[in-house]
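Chemist: Turn this into a model:
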Amino acid sequence: MDCSVPGFPVHHQLLEPAQTHVHRYTSSKQHIQACAGIWWDMANLGCEALRSQDGESFLYFAYGSNLLTERIHLRNPSAVFYSVARLQDFKLDFGNPQGKTSETWHGGIATIFESPGDEVWGVVWKMNKSNLSSLDKQEGVKSGMYVPIEVTVSTQEGKEITCRSYQMTNYESVPPSPQYKKVICMGAKENGLPLEYQKKLNAIEPNDYKGKVSEEIEDIIKKGEAKTH
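Modeler: As a prediction, this is how the structure comes out:
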């Protein structure tokens, strides 16, 4: 079976079966499902994409709310900063997965899509494999909100790293809430993403949501503010 999916470059492959088409792609769902299982088996056999040399951890590239330490530690306490990194030929976007507004964030949430010449900066976290299921749960993998993908990113020193990341499926582009934007910008500042990229994040126009978010989210925002101001 040819497992090269049209529209998906070598450095960007699904790691688990997709339930719906990825936004802006028209690949056959059956083809993706069949091949994703093969990629996932390869990863579990020791593929560098997911495992570090100790075999008990994996590398995860975060570009959204999980840029902020307090946010990722809510569900994934094993996450340890590994590196700032760049994903080339992709672009950051925000949207409602499956057309449904996030009850947590009250606006669009982050995703990425292929865009030649653009770049997405983020943080590579080293995580224990025991948190793989909690990370998938946070990203809504079971419900089809996001699919795990394999991406190759470059550190500021030029080293290439293959990581797990996530891409939203079947979404409509909408702006993030002020709170969601704030968490992303704080995470970018906390971890020292390039200043020009931070300026781009700060320039994002949020929606006009003026209500509250959960106490849990308010708490991480307060902790983030204390660290980044």
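
Chemist: from here on, contacts and neighbour counts on C-alpha atoms
Modeler: Fine.

Chemist: partners of the closest residue in space to E160 that isn't next to it in sequence in the sheet?
Modeler: Excluding the flanking residues, the one nearest E160 by C-alpha to C-alpha, 6 or more residues apart in numbering is S154, at 4.4 Å. On the basis of DSSP bridges, S154 is bridged to R86, E160.

Chemist: Does I220 lie in a helix or a strand, and which?
Modeler: Using DSSP states H and E, I220 sits in helix 215-228.

Chemist: CA atoms only: put that helix into PDB for me.
Modeler: Extracted C-alpha coordinates of helix 215-228, given in PDB (Å, rounded to 0.1, in the frame of the first residue of the first chain):
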ATOM      1  CA  GLU A 215     -11.800  29.300  37.600                       C
ATOM      2  CA  GLU A 216      -9.200  26.800  36.400                       C
ATOM      3  CA  ILE A 217      -8.400  29.000  33.400                       C
ATOM      4  CA  GLU A 218      -8.500  32.200  35.400                       C
ATOM      5  CA  ASP A 219      -6.000  30.700  37.800                       C
ATOM      6  CA  ILE A 220      -3.500  29.800  35.000                       C
ATOM      7  CA  ILE A 221      -3.900  33.300  33.600                       C
ATOM      8  CA  LYS A 222      -3.100  34.900  36.900                       C
ATOM      9  CA  LYS A 223      -0.100  32.700  37.400                       C
ATOM     10  CA  GLY A 224       1.100  33.400  33.900                       C
ATOM     11  CA  GLU A 225       0.700  37.100  34.400                       C
ATOM     12  CA  ALA A 226       2.800  36.900  37.600                       C
ATOM     13  CA  LYS A 227       5.600  35.300  35.700                       C
ATOM     14  CA  THR A 228       5.600  37.400  32.600                       C
END
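
Chemist: in it, what's buried?
Modeler: I217, I220, I221, G224 (16 or more other C-alpha atoms under 10 Å).

Chemist: about what we covered before: just to check, the residue nearest to E160 is in contact with I161?
Modeler: Yes - counting by C-alpha atoms under 8 Å, S154 does reach I161; the two are 6.2 Å apart.

Chemist: helices or strands next to the helix or strand where W125 lies in the packing?
Modeler: Using DSSP H and E, W125 maps to strand 109-128. Applying 3 or more C-alpha pairs under 8 Å, 6 or more residues apart in numbering; DSSP states H and E, we find strand 109-128 packed against strand 57-62, strand 80-97, strand 160-168.

Chemist: quick one: which of those is nearest G211?
Modeler: strand 80-97 (18.0 Å; C-alpha to C-alpha).

Chemist: which stretches of this structure have low pLDDT?
Modeler: By pLDDT under 70, the low-scoring segments of the chain are 1-54.

Chemist: Quick check: G108 touching S173?
Modeler: Yes - G108 lies in contact with S173 (C-alpha under 8 Å); the separation is 7.2 Å.
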